[in-house]
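Asks: what's the 3D shape of this:
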Amino acid sequence: MKIVSIALSRKKGTRKTCVEQAMLIKEHGLENDAHAGPWHRQVSFLSSEAIDWAKEKGLDVNFGDFAENIATTGIDWKSMPVGSRFRLGAEALVEITQIGKECHKKCAIYYQAGDCIMPREGVFARVLEGGTIVVGDGIEEAGRG
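Replies: I've put the predicted structure just below:
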């Protein structure tokens with residue numbers, strides 16, 4: 001299980017820009033990301049397998065296009081129960097707070113990509129312990145809160 005992409009954006013509802021490393025801030029989220037803040041959806045996760053599935057369906061998408069902060073390999077996020085904790089890299093610890101989301105209106109991502117898998121496949125977490133994360137860092141399950 002590892003991080004294959006880290007992405008940030010200045011505005012909500014838009015595709016994110018990929019970066020090689022980022023800082024996770026305790027009880028805030030990713031530094032310089034529009035979704036960070038004092039709430040339960042500080043960081044979003046999506047499996048690279050789900051992104052590959054979307055590509056196989058004919059969508060022209062890459063990492064960050066579904067507004068996910070962190071894309072991973074080896075984890076089926078939607079099957080992880082709320083309260084599951086994961087260590088990212090050497091320092092950071094996150095706790096799953098929400099599986100999927102309801103979209104009240106089709107966002108820019110839907111119109112640009114032709115679909116958005118985040119509501120079905122993505123999960124959200126809050127940051128319990130901050131730290132620097134880097135593409136390629138390992139991810140370990142760390143129990144439940």
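Asks: where in this structure is pLDDT low?
Replies: 101-119 (pLDDT under 70).
Asks: find the residue at the geometric middle of it.
Replies: Nearest to the mean C-alpha position of the chain, by C-alpha atoms, centre = their mean, lies residue 45 at 2.3 Å.
Asks: what about the helices in this structure?
Replies: Remark: helices assigned in the chain by DSSP state H are 48-56, 108-113, 118-121.
Asks: returning to what we had before: ok, the residue nearest to the centre of the chain - contacts?
Replies: By C-beta atoms under 8 Å, 6 or more residues apart in numbering, the residues touching residue 45 are 68, 69, 70, 71, 72, 75, 77, 122, 123, 124, 125. Placement of C-beta: from N, CA and C, glycine included.
Asks: just give me the closest of these to residue 4.
Replies: residue 71 (5.2 Å; C-beta to C-beta).
Asks: how much space between that closest one and residue 16?
Replies: Look at residue 71 and residue 16: by C-beta to C-beta, to the nearest Å, they are 10 Å apart.
Asks: repeat that for residue 62.
Replies: Residue 62 is 10 Å from residue 16, by C-beta to C-beta.
Asks: which one's more surrounded, those two?
Replies: Legend: neighbour count by other C-beta atoms under 10 Å for residue 62 and residue 16, higher for residue 16 (25 against 15).
Asks: would you confirm that the more buried one contacts residue 70?
Replies: No: applying C-beta atoms under 8 Å as the test, residue 16 and residue 70 come out as separate, 10.2 Å apart.
Asks: quickly list what's touching both of these two.
Replies: Joint contacts of residue 16 and residue 70 (C-beta under 8 Å, 6+ apart) are residue 7.
Asks: is it true that residue 54 touches residue 61?
Replies: Yes: look at residue 54 against residue 61 with C-beta under 8 Å: they come within range, at 5.4 Å.
Asks: can I get stretch 2-14 in CSV, CA atoms only?
Replies: What follows is stretch 2-14, C-alpha atoms only, in CSV (Å, rounded to 0.1, in the frame of the first residue of the first chain):
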residue,chain,number,x,y,z
LYS,A,2,1.5,3.3,-1.0
ILE,A,3,0.9,6.9,-2.1
VAL,A,4,1.1,7.2,-5.9
SER,A,5,-0.1,10.8,-6.2
ILE,A,6,-0.6,14.0,-4.1
ALA,A,7,-2.7,16.8,-5.5
LEU,A,8,-3.7,20.3,-4.3
SER,A,9,-6.1,23.0,-5.5
ARG,A,10,-6.8,26.6,-4.5
LYS,A,11,-10.5,26.3,-5.2
LYS,A,12,-13.1,23.6,-4.4
GLY,A,13,-14.8,21.7,-7.2
THR,A,14,-11.9,21.9,-9.6
